[in-house]
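*Asks:* Pasting the sequence and the predicted model now:
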Amino acid sequence: MIEVTSPDGRTLRTYDVPVDDPVLTVVWHHGTPNVGTPPEPLLPASAARRIRWVSYDRPGYGGSTPHPGRDIASAAGDVAAIADALGLSRFAVLGHSGGGPHALACAALLGDRVVAAVSGSGLAPYPADGLDWYTGINPAGTAELRAAVEGRSALEHVLTTSEYDPSMFTPTDHAALEGDWGWLGRIAGEALADGIGGMVDDDLAYVAPWGFDPAAITAPVLLLHGDADRVVPSSHARWLAERIPSAELWLRPGDGHVSVLHAATDALDWLLSKVDATDR
């Protein structure tokens, strides 16, 4: 774990899981609310594939300085600062859930530095022309995001008065959370240990202008989504797939928001398929 300083003086708590003779470095973008610890369930498969993980706590989480008013696009500047500090010229990005839009921001704004991008269970921009944005989102998630549209005070009220609703997850999600992907629950607890500030800033960013157009992405993009997702409905992935010229959609029958991560190792192989000799 190291601390990287952004150009505007903020601290970015950064994680690095090196491997011998890496074939590819993947920058992980965590969900909401999470900290940036690299995805533990994927580390053994990554080591076997010589994939190096780099990640960071998004501003307001863990050891990273809050960045009030941040938009989704700001992730690209933070990742560029981290990549510069670590001497990374080229890398891939992979985000799950709330990390998906932030991974797409890097693909849109960092040009040739991004080899390829994976967005798993990720939102489409709000509002999205031709998409009924809330349809299919569970009631608690809908209330949270509608409050975010109203503003910080309304969102803070909802987040501090609502209770966890297990029905937001499918039976396949619950089974995944009882297995290796229970790791997500642990890091969500770490993220909330110091309050809801990072979560509030994330939610406000999701429903504000993102600061980039997904249609401008030219790097290869994989959209990984479960067709039974109750947190972010698969219509969001379909909308993105129709607008990102370089996108490939893997829609997983029966999978939900978390259980779709059982295909994450296949997504790593997809990323490796985009590596050429100049990336090594």
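*Replies:* Here it is on my side, so go on.
*Asks:* Please list the outside residues in contact with the helix or strand containing residue 200.
*Replies:* Per DSSP states H and E: residue 200 is located in helix 197-206. Contacts with helix 197-206, where a contact means C-beta atoms under 8 Å, 6 or more residues apart in numbering, come from 32-33, 57-62, 66-68, 70-72, 98, 101, 123, 126, 144-145, 148, 151-152, 155-156, 159, 191-192. Yep, even glycine has a C-beta here, placed from its N, CA and C like the rest.
*Asks:* try stretch 72-82
*Replies:* Defining contact as C-beta under 8 Å, 6+ apart, one finds that stretch 72-82 is touched by 4-7, 12, 14, 27, 29, 54, 56, 58-59, 67, 88, 93, 101-106, 108-110, 113, 205-206, 210-212.
*Asks:* can you tell me which of the residues you listed are in strands?
*Replies:* Using DSSP state E, the members of these that fall in strands are 4, 5, 12, 14, 27, 29, 54, 56, 93.
*Asks:* Pull the most distant pair out of those.
*Replies:* 5 and 93 (21.1 Å; C-beta to C-beta).
*Asks:* Neighbour count: the two, which is higher?
*Replies:* Between residue 5 and residue 93, residue 93 has the larger neighbour count (other C-beta atoms under 10 Å), namely 32 against 12.
*Asks:* The more buried one: what's it in contact with?
*Replies:* 26, 27, 29, 79, 103, 106, 107, 114, 116, 117, 118.
*Asks:* Quick check: closest non-adjacent residue to it.
*Replies:* residue 103 (4.2 Å; C-beta to C-beta, 6 or more residues apart in numbering).
*Asks:* got the residue ranges for the strands in the chain?
*Replies:* 2-5, 11-17, 24-29, 51-56, 91-96, 114-120, 221-226, 247-252.
*Asks:* Can you dump the C-alpha atoms of the last one in CSV for me?
*Replies:* If I follow you right, that is strand 247-252. What follows is strand 247-252, C-alpha atoms only, in CSV (Å, rounded to 0.1, in the frame of the first residue of the first chain):
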residue,chain,number,x,y,z
ALA,A,247,-18.3,-2.8,-27.0
GLU,A,248,-18.9,-6.6,-26.6
LEU,A,249,-21.8,-7.6,-24.3
TRP,A,250,-21.8,-10.8,-22.2
LEU,A,251,-25.3,-11.1,-20.8
ARG,A,252,-25.3,-14.0,-18.4
